[in-house]
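Undergrad: this is the structure alone, sequence omitted:
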């Protein structure tokens, strides 16, 4: 019984407090109301532009992909090193072949010793097999 | 006022004319936000004023809260605005109270420094209004002043719970979301606030 009375008194107190507070908010001075209106319009002007939903969805994804690609470009080595790269080394190998005296001639028939090959063929056809121990 | 009307649709102008459906959606969203801010601004001002006991500071705090809600959370669903707004408001009130504390400590080391002109009470404001007030209005004003003083004397969490539940009319769940605490805590803070106010004020008339 006493609990119910206390609860009812609390409700009455709450109701009165609420009525007073609401009235004080309704009866604000004109200067304050004007400042609040100005603040509201300033806040609305600061509102960001509404992006289309697909853009809102894909902009973060695109930004993440771009960031990952940038990291890959910066931190991952660019293929194999120059000494292991056959394409990069092709020029060097050509130079070695051209400058090597023992290599197969690459400049056509200019340096071929035809006399030597004819003599060798004649010797091979007419000569007896070499004697043992000679 | 006409100057402000042009601001209302400033963001809408950023949308190409071919995207009419987006323009309509944005206008609706702007109107919703404006209606929301208009519905809470007076109560928010009174809540800040009761906590800070200073009209200009309360206006600054409300303006900051509106600005932050609009610039950072306007694209969130409308049902989230109220808890977000009052949470921002409470944070701004606390920031302002901290700044004041720091300022008063600094001022304590400067005894030669007089009272700020802004804080000085204007004697004109203290003069009695020429028009006689009806007794009922006078009684109501006195009751409001007593209630305001009693609420300002409450601990911050109790004050917040009382004002959000009783004045703003939030339910327990909304209040808990705003205060970032459990519903049980909200009930406890509110009950203690009510007890403290009743013991201070007794039964007062409206």
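TA: Sure, I can see it. Owing to the predicted nature of the structure, the values given are computational and were not obtained by experimental measurement.
Undergrad: show me the shaky parts of the chain.
TA: All of this is about chain A. A:1-10, A:49-56, A:77-93, A:97-98, A:100-111, A:127-134 (pLDDT under 70).
Undergrad: can you look at chain B instead?
TA: Checking chain B against pLDDT under 70 turns up B:1-25, B:111-134, B:203-206.
Undergrad: where do the domain boundaries of it fall?
TA: Partitioning chain B according to automatic domain parsing yields domains covering residues B:11-112, B:138-201.
Undergrad: okay if I get those domains as a markdown table plus mean neighbour count?
TA: (Each C-beta comes from the backbone N, C-alpha and C, glycine too.) Rendered in a markdown table, the data for these read as follows (neighbours: other CB atoms under 10 Å in any protein chain shown):
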| stretch | mean neighbour count |
| --- | --- |
| domain B:11-112 | 17 |
| domain B:138-201 | 18 |
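Undergrad: and those as TSV, adding distance to chain A?
TA: Below are these laid out as TSV (distance: least, CB to the nearest CB, whole Å):
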stretch	distance to chain A
domain B:11-112	4
domain B:138-201	4
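Undergrad: what sits against the residue nearest the centre of chain B?
TA: To find the centre residue of chain B, average its C-alpha atoms and take the closest one (CA atoms, centre = their mean): that gives residue B:44, at 2.6 Å. Contacts were defined as CB atoms under 8 Å, 6 or more residues apart in numbering or on different chains; by that measure residue B:44 touches B:62, B:65, B:85, B:86, B:89.
Undergrad: which SSE is it in?
TA: Using DSSP states H and E, residue B:44 sits within helix B:20-52.
Undergrad: and the helix or strand just after that helix, what other elements does it pack with?
TA: With elements assigned by DSSP H and E, the helix or strand that comes after helix B:20-52 is helix B:55-73. With contacts defined as 3 or more CB pairs under 8 Å, 6 or more residues apart in numbering or on different chains; DSSP states H and E, the packing partners of helix B:55-73 are helix A:30-45, helix B:20-52, helix B:81-108.
Undergrad: Throw those into JSON lines and include distance to residue B:195, thanks.
TA: As requested, the helices and strands packed on helix B:55-73 are exported to JSON lines (distance: least, CB to CB, whole Å):
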{"stretch": "helix A:30-45", "distance to residue B:195": "32"}
{"stretch": "helix B:20-52", "distance to residue B:195": "19"}
{"stretch": "helix B:81-108", "distance to residue B:195": "22"}
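Undergrad: I'm done for today, thanks for sticking with me.
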